[in-house]
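**Q** generate a structure from the sequence data that follows.
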Amino acid sequence: MQTRHNIHEVGDAVLARQRFLVSAHARPDGDAIGSMLACGMMLQQLGKQVDLVSCDPVPLIYWGLPCAQTIRQTGCVEGDYDAVILLECDGIERSRLHGLEDRFLINIDHHVSGRAFGDVNWIDTRASAVAEMVYELARLLGVPVNAEMATCLYTAVLTDTGSFCYDGTDAHTFELARELVRHGADPADIARHVYFSNPASKMLLLGAALSSLQREGRLAWLWVTRENMLRAGAAEEDCEGIVNYAIGIAGVDVAVFLRELSDGQVRLSLRSKGPTINVAGIAEMFGGGGHEHASGCTLEGPLPEAMVLILDTLRRKMQISAHDGAGTAGGRAFGESI
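**A** So this is what the prediction gives:
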């Protein structure tokens, strides 16, 4: 648990400035999108000028969120801003936005891998989602939480807690959810958009990933190649959640999903359950980060070599013998199925 600086410093910085840019990490998830939108609405209610930007597009399942169309996709920030609010980033590099250097930065994060890189930093690993921090900031500044804000914040909390399944979900998390519903969030409607609006391409990609599924004792892994992505007509966002099918296996405590990128690099999604292993620490070893039980990073390819590297690392951390269970990294990690 860590808190650096505090909400009051962030509030003072917001009140003292007029024109803001708000962004979050690359490959934005539900917490990033929902929190950006709610933060923008909060600033507008305070009479501030605000632009919302992301280097990557808003994922399809979040298009229905209020004002989602106001998030502009760009790789370079231009123009005069009194402050840039970065959500869920451990550095400006995580946003993949150019033009943030030498700007006044307000850093709001809840990840255990968070770093105090901004001019003002509020890092609270007790928060269930960065949306919880945005909600608390709105309350501090006396901004009424309307139904649109509540919808965005509830979506963020729902997705970042794994539908209220991840460790750290407690009575306070449900109290927050209750407050957001009281402010106008519709849980059933939000769940329909998030969980029952998947494109066919995601189902096809899931099939390819499951056909590669491997297990070795308490460790499981699966992957997709660039060819799998093209054959399914899949977008990057279609990979979201695939790793959960591996961590959902009874007796599996750690899982990894690997995706081959167009530039030959390999994107990893890591999950764990229980006290087995802090996967955020694993991700940080390779320049990534995230939560203790849900994190990600990128490795150099090719895919078979990246797979050997991450599996050997996990085995060492979990003290699993490479010969215990169904397969080994050198023998069956790539190309054979369970």
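
**Q** any idea what the residue nearest to S113 when sequence neighbours are not counted is bridged to?
**A** Counting by CB to CB, 6 or more residues apart in numbering, S113 lies nearest to G289, which is 3.0 Å off, once chain neighbours are set aside. From N, CA and C alone the C-beta is placed, and that goes for glycine too. For G289, the beta-bridge partners are G296 (DSSP bridges).

**Q** so how many other residues sit close to G289?
**A** By other CB atoms under 10 Å, the residues close to G289 number 26.

**Q** and what of T70?
**A** Residues lying near T70 (other CB under 10 Å) number 16.

**Q** what's the closest non-adjacent residue to it?
**A** L52 (5.6 Å).

**Q** for T225, same thing?
**A** Computed as CB to CB, 6+ apart, the closest residue to T225 that is not its neighbour in sequence is E260, at 4.8 Å.

**Q** what of L206?
**A** Distances taken as CB to CB, 6+ apart place I242 nearest to L206, at 6.0 Å, with adjacent residues excluded.

**Q** ok, now which ones touch that neighbour?
**A** 205-206, 209, 222, 224, 257, 269 (CB atoms under 8 Å, 6 or more residues apart in numbering).

**Q** next SSE after the one helix or strand M203 maps to?
**A** Under the criterion of DSSP states H and E, M203 resides in helix 200-210. Sequence-wise, the next helix or strand downstream of helix 200-210 (DSSP H and E) is strand 214-216.

**Q** hang on, the earlier thing: what bridges to the residue nearest to T225?
**A** V266.

**Q** quick one: it from N244, how far?
**A** Look at E260 and N244: by CB to CB, to the nearest Å, they are 20 Å apart.

**Q** more crowded one of these two?
**A** E260 (20 against 16).

**Q** what number of residues lie near the closest residue to P28 other than its chain neighbours?
**A** Spatial nearest neighbour of P28, excluding adjacent residues (CB to CB, 6+ apart): S54 at 5.5 Å. Neighbour count for S54, taken as other CB under 10 Å: 24.

**Q** isn't there a strand covering I277?
**A** No. Remark: I277 does not belong to a strand; assigned using DSSP: H, G, I helix; E, B strand; the rest coil, it is coil.

**Q** my read: it touches A255, true?
**A** No. If you go by CB atoms under 8 Å, I277 and A255 don't touch, sitting 10.8 Å apart.

**Q** the two: which is more packed in?
**A** Remark: of I277 and A255, A255 carries more neighbours, 27 against 20, as counted by other CB under 10 Å.

**Q** roughly how far apart are the more buried one and D80?
**A** Counting by CB to CB, the gap from A255 to D80 is 45 Å.

**Q** now for A171, how many residues are close by?
**A** As a burial measure, A171 scores 7 neighbours (other CB under 10 Å).

**Q** low-scoring stretches of the chain, by residue?
**A** 1-5, 320-338 (pLDDT under 70).
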